[in-house]
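Student: Requesting a structural model of the entry that follows:
(one chain, ligands or ions: 1)
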Amino acid sequence: MQKEDSNFLKACRLESVNQIPVWFMRQAGRYDADYRAIRQKYTLVEICEHPEVCADVTRMPVQKLGVDAAILFSDIMIPIGAMGLPFEIRENVGPIIASPVRTREDVDRLTVFHPRTSLPHVLETIELLTSDLRVPLIGFTGAPFTLASYMIEGGPSREYARTKQMMYESPAVWGALMDKLAKMIVSYGQAQVQSGASALQLFDSWVGSLSPEDYATYVFPTMSYIFENLRSLKVPLIYFGVTTGELLSQFRSAGATVIGVDWRVPLPTARLRVGHDVALQGNLDPALLHAPWPVLENQIRRILDAGMEYPGYTFNLGHGVRPSVDVNVLRRVTEFVHEYSARHFQSSQVMSSSAKDGVIS
Ligand code: 1CP
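Tutor: Below is the predicted model:
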(Lines give C-alpha, C1' and ligand atoms only; values in the text may rest on other atoms or scores of the structure.)
Protein backbone atom coordinates (compact mmCIF):
# COMPACT_ATOMS: atom_id res chain seq x y z
CA MET A 1 0.00 0.00 0.00
CA GLN A 2 1.25 3.49 -0.82
CA LYS A 3 1.60 5.73 2.24
CA GLU A 4 -0.67 8.26 0.53
CA ASP A 5 -3.45 5.65 0.77
CA SER A 6 -2.91 5.04 4.48
CA ASN A 7 -5.85 5.57 6.80
CA PHE A 8 -3.87 8.22 8.68
CA LEU A 9 -3.28 10.47 5.67
CA LYS A 10 -6.79 9.82 4.35
CA ALA A 11 -8.28 10.86 7.69
CA CYS A 12 -6.15 14.02 7.68
CA ARG A 13 -7.52 14.80 4.20
CA LEU A 14 -11.13 14.17 5.33
CA GLU A 15 -11.41 11.09 3.10
CA SER A 16 -13.30 7.97 4.16
CA VAL A 17 -11.34 5.19 5.89
CA ASN A 18 -12.04 1.53 6.68
CA GLN A 19 -10.86 1.94 10.27
CA ILE A 20 -9.89 4.87 12.46
CA PRO A 21 -6.13 5.51 12.49
CA VAL A 22 -4.32 5.75 15.84
CA TRP A 23 -1.06 7.18 17.05
CA PHE A 24 -0.04 8.47 20.48
CA MET A 25 1.70 11.73 21.27
CA ARG A 26 5.05 10.84 22.93
CA GLN A 27 4.64 7.28 21.71
CA ALA A 28 8.42 6.73 21.85
CA GLY A 29 9.72 7.15 25.34
CA ARG A 30 10.29 6.13 28.87
CA TYR A 31 7.30 3.78 29.30
CA ASP A 32 9.20 1.38 27.03
CA ALA A 33 12.01 -0.78 28.50
CA ASP A 34 13.93 -0.87 25.21
CA TYR A 35 13.90 2.93 25.08
CA ARG A 36 15.14 3.10 28.68
CA ALA A 37 17.96 0.69 27.77
CA ILE A 38 19.01 2.93 24.86
CA ARG A 39 18.91 5.94 27.21
CA GLN A 40 21.43 4.17 29.45
CA LYS A 41 23.90 4.57 26.59
CA TYR A 42 22.87 7.86 25.00
CA THR A 43 21.35 11.13 26.21
CA LEU A 44 18.22 12.30 24.41
CA VAL A 45 20.26 14.76 22.35
CA GLU A 46 22.80 12.04 21.48
CA ILE A 47 19.99 9.79 20.23
CA CYS A 48 18.94 12.62 17.93
CA GLU A 49 22.52 12.98 16.68
CA HIS A 50 22.78 9.30 15.66
CA PRO A 51 20.42 8.72 12.73
CA GLU A 52 20.47 4.89 12.97
CA VAL A 53 19.67 4.93 16.70
CA CYS A 54 17.12 7.72 16.30
CA ALA A 55 15.39 5.85 13.45
CA ASP A 56 15.25 2.69 15.61
CA VAL A 57 13.64 4.60 18.48
CA THR A 58 11.12 6.15 16.07
CA ARG A 59 10.22 2.73 14.62
CA MET A 60 9.78 0.99 18.00
CA PRO A 61 6.19 2.11 18.73
CA VAL A 62 5.11 1.24 15.19
CA GLN A 63 6.43 -2.29 15.63
CA LYS A 64 5.28 -2.75 19.22
CA LEU A 65 1.93 -0.99 19.24
CA GLY A 66 0.71 -1.29 15.64
CA VAL A 67 0.04 2.45 15.38
CA ASP A 68 -0.81 4.02 12.01
CA ALA A 69 1.87 6.72 12.03
CA ALA A 70 5.41 7.21 13.31
CA ILE A 71 6.51 10.50 14.81
CA LEU A 72 10.12 11.52 14.41
CA PHE A 73 12.02 11.02 17.64
CA SER A 74 13.35 14.45 18.55
CA ASP A 75 12.48 17.27 20.92
CA ILE A 76 11.05 20.72 20.33
CA MET A 77 14.33 22.16 21.71
CA ILE A 78 16.65 20.62 19.08
CA PRO A 79 16.34 23.54 16.61
CA ILE A 80 16.67 26.03 19.48
CA GLY A 81 20.19 24.73 20.05
CA ALA A 82 20.83 25.23 16.32
CA MET A 83 19.69 28.86 16.70
CA GLY A 84 22.65 29.35 19.02
CA LEU A 85 20.88 29.00 22.37
CA PRO A 86 22.42 26.15 24.36
CA PHE A 87 20.04 23.98 26.42
CA GLU A 88 20.16 20.79 28.42
CA ILE A 89 17.39 18.28 29.05
CA ARG A 90 17.35 17.62 32.79
CA GLU A 91 16.05 14.26 34.01
CA ASN A 92 12.46 14.46 35.30
CA VAL A 93 12.38 18.22 34.68
CA GLY A 94 12.69 19.00 30.98
CA PRO A 95 14.59 21.61 28.96
CA ILE A 96 16.80 24.05 30.89
CA ILE A 97 18.40 27.13 29.32
CA ALA A 98 21.22 28.68 31.34
CA SER A 99 21.14 32.07 29.54
CA PRO A 100 17.49 32.80 28.79
CA VAL A 101 16.32 35.29 26.15
CA ARG A 102 15.28 38.53 27.86
CA THR A 103 16.35 41.49 25.69
CA ARG A 104 16.37 42.70 22.09
CA GLU A 105 20.08 41.87 21.91
CA ASP A 106 19.34 38.31 23.03
CA VAL A 107 16.79 37.98 20.22
CA ASP A 108 19.13 39.52 17.64
CA ARG A 109 21.85 37.02 18.54
CA LEU A 110 19.62 34.06 17.58
CA THR A 111 20.54 32.75 14.16
CA VAL A 112 18.17 31.57 11.46
CA PHE A 113 19.97 28.39 10.44
CA HIS A 114 19.92 26.19 7.35
CA PRO A 115 18.55 22.79 8.42
CA ARG A 116 20.73 20.90 5.89
CA THR A 117 23.91 22.37 7.37
CA SER A 118 22.95 22.76 11.02
CA LEU A 119 20.74 19.71 11.62
CA PRO A 120 21.84 17.21 8.96
CA HIS A 121 21.35 14.24 11.34
CA VAL A 122 17.63 15.06 11.73
CA LEU A 123 17.13 15.03 7.97
CA GLU A 124 19.22 11.86 7.59
CA THR A 125 17.02 10.16 10.19
CA ILE A 126 13.92 11.15 8.22
CA GLU A 127 15.48 9.83 5.00
CA LEU A 128 16.36 6.53 6.65
CA LEU A 129 12.86 6.17 8.03
CA THR A 130 10.90 7.08 4.95
CA SER A 131 12.76 4.52 2.89
CA ASP A 132 11.64 1.59 5.06
CA LEU A 133 8.69 2.58 7.27
CA ARG A 134 5.37 1.11 6.18
CA VAL A 135 3.41 3.95 7.81
CA PRO A 136 3.61 7.71 7.26
CA LEU A 137 6.17 9.66 9.26
CA ILE A 138 5.06 12.78 11.12
CA GLY A 139 7.71 15.48 11.38
CA PHE A 140 7.28 18.16 14.04
CA THR A 141 8.40 21.43 15.52
CA GLY A 142 7.41 23.42 18.56
CA ALA A 143 5.23 26.44 17.85
CA PRO A 144 6.52 29.95 18.65
CA PHE A 145 4.70 30.62 21.93
CA THR A 146 5.71 27.31 23.48
CA LEU A 147 9.32 27.60 22.28
CA ALA A 148 9.49 31.21 23.47
CA SER A 149 8.21 30.14 26.89
CA TYR A 150 11.23 27.86 27.42
CA MET A 151 13.62 30.41 25.89
CA ILE A 152 12.39 33.27 28.10
CA GLU A 153 11.63 31.41 31.35
CA GLY A 154 14.80 29.30 31.10
CA GLY A 155 12.86 26.08 31.75
CA PRO A 156 9.41 24.61 32.37
CA SER A 157 6.96 27.04 33.94
CA ARG A 158 3.46 27.09 35.37
CA GLU A 159 2.55 30.76 35.10
CA TYR A 160 4.61 31.94 32.10
CA ALA A 161 5.04 35.20 34.00
CA ARG A 162 8.23 36.37 32.27
CA THR A 163 6.96 35.27 28.88
CA LYS A 164 3.80 37.34 29.32
CA GLN A 165 5.81 40.20 30.77
CA MET A 166 7.87 40.41 27.57
CA MET A 167 4.68 40.15 25.49
CA TYR A 168 2.94 43.03 27.31
CA GLU A 169 5.92 45.22 28.17
CA SER A 170 8.10 44.92 25.08
CA PRO A 171 5.84 44.03 22.16
CA ALA A 172 8.58 44.92 19.66
CA VAL A 173 11.03 42.47 21.24
CA TRP A 174 8.28 39.84 21.46
CA GLY A 175 7.42 40.47 17.79
CA ALA A 176 11.09 40.10 16.76
CA LEU A 177 11.30 36.79 18.65
CA MET A 178 8.05 35.52 17.08
CA ASP A 179 9.35 36.47 13.60
CA LYS A 180 12.63 34.66 14.09
CA LEU A 181 10.94 31.54 15.40
CA ALA A 182 8.40 31.63 12.57
CA LYS A 183 11.16 31.75 9.93
CA MET A 184 12.97 28.89 11.65
CA ILE A 185 9.79 26.80 11.85
CA VAL A 186 8.96 27.32 8.18
CA SER A 187 12.42 26.37 6.94
CA TYR A 188 12.74 23.44 9.38
CA GLY A 189 9.26 22.19 8.48
CA GLN A 190 10.01 22.48 4.76
CA ALA A 191 13.28 20.57 5.18
CA GLN A 192 11.53 17.76 7.08
CA VAL A 193 8.90 17.35 4.37
CA GLN A 194 11.50 17.56 1.59
CA SER A 195 13.38 14.75 3.35
CA GLY A 196 10.27 12.57 3.38
CA ALA A 197 7.97 13.48 6.30
CA SER A 198 4.31 12.97 5.25
CA ALA A 199 2.77 15.37 7.79
CA LEU A 200 3.88 18.05 10.24
CA GLN A 201 2.66 18.59 13.78
CA LEU A 202 3.15 21.94 15.49
CA PHE A 203 3.26 21.46 19.25
CA ASP A 204 1.97 24.56 21.02
CA SER A 205 1.64 22.73 24.30
CA TRP A 206 1.48 25.78 26.57
CA VAL A 207 -0.34 28.39 24.46
CA GLY A 208 -3.56 27.54 26.31
CA SER A 209 -2.26 29.80 29.08
CA LEU A 210 -3.33 32.78 26.94
CA SER A 211 -6.78 34.34 26.75
CA PRO A 212 -8.41 34.28 23.29
CA GLU A 213 -7.81 38.05 23.03
CA ASP A 214 -4.10 37.76 23.80
CA TYR A 215 -3.75 34.79 21.45
CA ALA A 216 -5.35 36.91 18.70
CA THR A 217 -3.00 39.83 19.34
CA TYR A 218 0.32 38.20 20.19
CA VAL A 219 0.33 34.77 18.52
CA PHE A 220 -2.29 34.43 15.79
CA PRO A 221 -0.48 36.59 13.17
CA THR A 222 2.67 34.47 13.57
CA MET A 223 0.74 31.20 13.31
CA SER A 224 -1.07 32.46 10.18
CA TYR A 225 2.29 33.32 8.61
CA ILE A 226 3.62 29.85 9.40
CA PHE A 227 0.62 27.95 8.03
CA GLU A 228 0.46 30.21 4.96
CA ASN A 229 4.09 29.35 4.21
CA LEU A 230 3.80 25.62 4.92
CA ARG A 231 0.57 25.14 2.95
CA SER A 232 2.31 24.73 -0.40
CA LEU A 233 4.02 21.57 0.94
CA LYS A 234 0.60 19.90 0.59
CA VAL A 235 0.96 17.76 3.69
CA PRO A 236 -1.39 17.72 6.71
CA LEU A 237 -0.54 20.49 9.17
CA ILE A 238 -1.56 19.39 12.67
CA TYR A 239 -1.77 22.00 15.42
CA PHE A 240 -2.02 20.95 19.06
CA GLY A 241 -1.98 22.57 22.48
CA VAL A 242 -3.21 21.76 25.98
CA THR A 243 -6.23 23.60 27.49
CA THR A 244 -6.85 25.32 24.18
CA GLY A 245 -10.63 24.77 24.05
CA GLU A 246 -11.29 28.49 23.83
CA LEU A 247 -8.67 28.90 21.08
CA LEU A 248 -9.81 26.15 18.72
CA SER A 249 -11.66 28.39 16.29
CA GLN A 250 -8.55 30.56 15.97
CA PHE A 251 -6.41 27.42 15.43
CA ARG A 252 -8.60 26.68 12.45
CA SER A 253 -8.60 30.20 11.01
CA ALA A 254 -4.81 30.41 11.41
CA GLY A 255 -4.64 27.68 8.77
CA ALA A 256 -4.13 24.31 10.48
CA THR A 257 -5.68 21.43 8.54
CA VAL A 258 -5.85 19.01 11.49
CA ILE A 259 -6.69 20.24 14.98
CA GLY A 260 -5.37 18.35 18.01
CA VAL A 261 -7.92 18.45 20.84
CA ASP A 262 -7.14 17.89 24.50
CA TRP A 263 -9.47 15.87 26.74
CA ARG A 264 -11.18 18.85 28.32
CA VAL A 265 -13.19 19.56 25.17
CA PRO A 266 -15.72 16.96 23.98
CA LEU A 267 -15.17 16.22 20.27
CA PRO A 268 -18.69 17.40 19.25
CA THR A 269 -17.94 20.76 20.91
CA ALA A 270 -14.60 20.92 19.12
CA ARG A 271 -16.43 20.24 15.83
CA LEU A 272 -18.83 23.11 16.47
CA ARG A 273 -15.85 25.40 17.03
CA VAL A 274 -13.77 24.41 14.00
CA GLY A 275 -16.41 23.40 11.44
CA HIS A 276 -16.34 20.46 9.06
CA ASP A 277 -13.54 21.33 6.67
CA VAL A 278 -10.69 20.39 9.02
CA ALA A 279 -9.78 17.06 10.57
CA LEU A 280 -9.69 16.39 14.32
CA GLN A 281 -7.18 14.41 16.37
CA GLY A 282 -7.54 13.33 19.99
CA ASN A 283 -8.57 13.22 22.77
CA LEU A 284 -8.35 10.52 25.46
CA ASP A 285 -7.19 11.76 28.86
CA PRO A 286 -3.74 10.11 29.27
CA ALA A 287 -4.63 9.37 32.91
CA LEU A 288 -7.29 6.92 31.65
CA LEU A 289 -4.49 4.61 30.47
CA HIS A 290 -4.14 3.74 34.16
CA ALA A 291 -7.86 3.05 34.65
CA PRO A 292 -9.41 -0.45 34.81
CA TRP A 293 -10.03 -1.70 31.24
CA PRO A 294 -13.87 -1.45 31.32
CA VAL A 295 -13.64 2.23 32.34
CA LEU A 296 -11.04 2.91 29.67
CA GLU A 297 -12.96 1.01 26.99
CA ASN A 298 -16.14 2.92 27.76
CA GLN A 299 -14.40 6.24 27.30
CA ILE A 300 -12.71 5.13 24.07
CA ARG A 301 -16.13 4.10 22.68
CA ARG A 302 -17.58 7.48 23.63
CA ILE A 303 -14.72 9.30 21.87
CA LEU A 304 -14.88 7.06 18.80
CA ASP A 305 -18.67 7.38 18.47
CA ALA A 306 -18.26 11.15 18.37
CA GLY A 307 -15.14 11.11 16.19
CA MET A 308 -16.65 8.82 13.57
CA GLU A 309 -19.68 11.09 13.00
CA TYR A 310 -17.78 13.00 10.31
CA PRO A 311 -14.89 12.10 8.01
CA GLY A 312 -11.52 13.38 9.17
CA TYR A 313 -10.74 11.87 12.55
CA THR A 314 -7.61 10.30 14.05
CA PHE A 315 -7.59 8.73 17.52
CA ASN A 316 -4.91 10.02 19.88
CA LEU A 317 -4.49 11.09 23.48
CA GLY A 318 -5.33 14.57 24.72
CA HIS A 319 -1.63 14.96 25.65
CA GLY A 320 1.48 12.78 25.76
CA VAL A 321 1.89 9.21 27.02
CA ARG A 322 3.17 9.21 30.60
CA PRO A 323 6.32 7.24 31.47
CA SER A 324 4.37 4.99 33.89
CA VAL A 325 2.03 3.55 31.25
CA ASP A 326 1.99 -0.19 30.53
CA VAL A 327 2.96 -0.92 26.91
CA ASN A 328 0.31 -3.69 26.80
CA VAL A 329 -2.42 -1.15 27.51
CA LEU A 330 -1.27 1.01 24.59
CA ARG A 331 -1.31 -2.06 22.34
CA ARG A 332 -4.77 -3.04 23.53
CA VAL A 333 -6.12 0.49 22.97
CA THR A 334 -4.74 0.50 19.41
CA GLU A 335 -6.34 -2.87 18.65
CA PHE A 336 -9.63 -1.85 20.20
CA VAL A 337 -9.83 1.40 18.19
CA HIS A 338 -9.09 -0.50 14.98
CA GLU A 339 -11.60 -3.30 15.63
CA TYR A 340 -14.42 -1.16 16.98
CA SER A 341 -14.17 1.38 14.15
CA ALA A 342 -13.81 -1.33 11.44
CA ARG A 343 -17.05 -2.94 12.70
CA HIS A 344 -18.77 0.45 12.67
CA PHE A 345 -17.73 1.18 9.07
CA GLN A 346 -18.65 -2.34 7.91
CA SER A 347 -22.11 -2.14 9.43
CA SER A 348 -22.77 1.34 8.08
CA GLN A 349 -21.76 0.07 4.61
CA VAL A 350 -24.15 -2.88 4.93
CA MET A 351 -26.89 -0.52 6.06
CA SER A 352 -26.37 1.90 3.20
CA SER A 353 -26.25 -0.89 0.58
CA SER A 354 -29.40 -2.55 1.97
CA ALA A 355 -31.10 0.86 1.95
CA LYS A 356 -30.13 1.18 -1.73
CA ASP A 357 -31.45 -2.35 -2.41
CA GLY A 358 -34.68 -1.32 -0.72
CA VAL A 359 -35.10 1.60 -3.14
CA ILE A 360 -34.38 -0.57 -6.18
CA SER A 361 -36.72 -3.50 -5.31
O1 1CP B 1 15.22 11.62 28.03
C2 1CP B 1 14.03 11.40 28.18
O3 1CP B 1 13.56 10.29 27.89
C4 1CP B 1 13.21 12.51 28.78
C5 1CP B 1 11.82 12.66 28.34
C6 1CP B 1 11.68 13.30 26.96
C7 1CP B 1 11.37 12.64 25.77
C8 1CP B 1 11.12 11.16 25.55
C9 1CP B 1 11.86 14.67 26.65
C10 1CP B 1 12.28 15.76 27.56
N11 1CP B 1 11.65 14.84 25.30
C12 1CP B 1 11.32 13.63 24.72
C13 1CP B 1 11.06 13.38 23.30
C14 1CP B 1 9.99 14.17 22.67
N15 1CP B 1 9.67 15.48 22.94
C16 1CP B 1 9.17 13.73 21.62
C17 1CP B 1 9.35 12.35 21.02
C18 1CP B 1 8.58 11.84 19.93
C19 1CP B 1 7.37 11.04 20.37
O20 1CP B 1 6.31 11.64 20.59
O21 1CP B 1 7.47 9.82 20.45
C22 1CP B 1 8.28 14.79 21.30
C23 1CP B 1 7.18 14.84 20.27
C24 1CP B 1 8.62 15.88 22.14
C25 1CP B 1 7.99 17.20 22.08
C26 1CP B 1 8.05 18.07 23.26
N27 1CP B 1 9.13 18.34 24.07
C28 1CP B 1 6.98 18.88 23.70
C29 1CP B 1 5.64 18.97 23.02
C30 1CP B 1 4.77 17.81 23.38
C31 1CP B 1 4.23 17.79 24.80
O32 1CP B 1 4.36 16.74 25.44
O33 1CP B 1 3.63 18.79 25.24
C34 1CP B 1 7.40 19.61 24.82
C35 1CP B 1 6.60 20.59 25.63
C36 1CP B 1 8.77 19.26 25.04
C37 1CP B 1 9.66 19.78 26.09
C38 1CP B 1 10.12 18.68 26.95
N39 1CP B 1 11.16 17.83 26.62
C40 1CP B 1 11.31 16.88 27.60
C41 1CP B 1 10.31 17.12 28.59
C42 1CP B 1 10.14 16.32 29.83
C43 1CP B 1 9.58 18.24 28.18
C44 1CP B 1 8.38 18.88 28.89
C45 1CP B 1 8.81 19.69 30.06
C46 1CP B 1 7.69 20.55 30.64
O47 1CP B 1 6.86 19.99 31.38
O48 1CP B 1 7.66 21.76 30.35
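
Student: Enumerate the residues of the stretch 251-361 of the chain near the ligand.
Tutor: Counting by C-beta under 6 Å from any ligand atom, the residues of the stretch 251-361 of the chain close to the ligand are residue 320. Any C-beta I mention is one placed from the backbone N, CA and C, and that applies to glycine too.

Student: from the chain, which residue is nearest to the ligand?
Tutor: Minimum separation of the chain from the ligand (C-beta to the nearest ligand atom) falls at residue 94, amounting to 2.6 Å.

Student: Over to residue 99. Which of the three states is it?
Tutor: Secondary structure, DSSP: H, G, I helix; E, B strand; the rest coil: residue 99 is coil.

Student: what about it, neighbour count?
Tutor: When neighbours are counted by other C-beta atoms under 10 Å, residue 99 registers 12.

Student: What are the boundaries of the strands in the stretch 101-250 of the chain?
Tutor: When secondary structure is read from DSSP state E, counting those that start in this stretch, the stretch 101-250 of the chain shows strands at 137-142, 199-203, 237-240.

Student: looking at this, residue 314 is in a strand?
Tutor: Yes. Residue 314 forms part of a strand when assessed by three-state DSSP.

Student: Could you pull out the buried residues of the longest helix along the chain?
Tutor: As assigned by DSSP state H, the longest helix anywhere in the chain is helix 327-360. By neighbour count on 16 or more other C-beta atoms under 10 Å, the buried set for helix 327-360 is 327, 329-330, 332-334, 336-338, 340-341.

Student: I'd like the average pLDDT over it.
Tutor: Averaging pLDDT along helix 327-360 yields 86.

Student: Stretch 15-31 too?
Tutor: Taken as a whole, stretch 15-31 has a mean pLDDT of 96.

Student: in it, what's buried?
Tutor: The neighbour-count check on stretch 15-31 (16+ other C-beta under 10 Å) flags 17, 19-29, 31 as buried.

Student: Likewise for stretch 200-212?
Tutor: Buried positions in stretch 200-212, judged by neighbour count with 16+ other C-beta under 10 Å: 200-210.

Student: Specify which member of those residues is nearest to residue 173.
Tutor: Closest approach between these and residue 173, by C-beta to C-beta: residue 210, at 17.4 Å.

Student: got a list of what that closest one touches?
Tutor: 145, 218-219, 247 (C-beta atoms under 8 Å, 6 or more residues apart in numbering).
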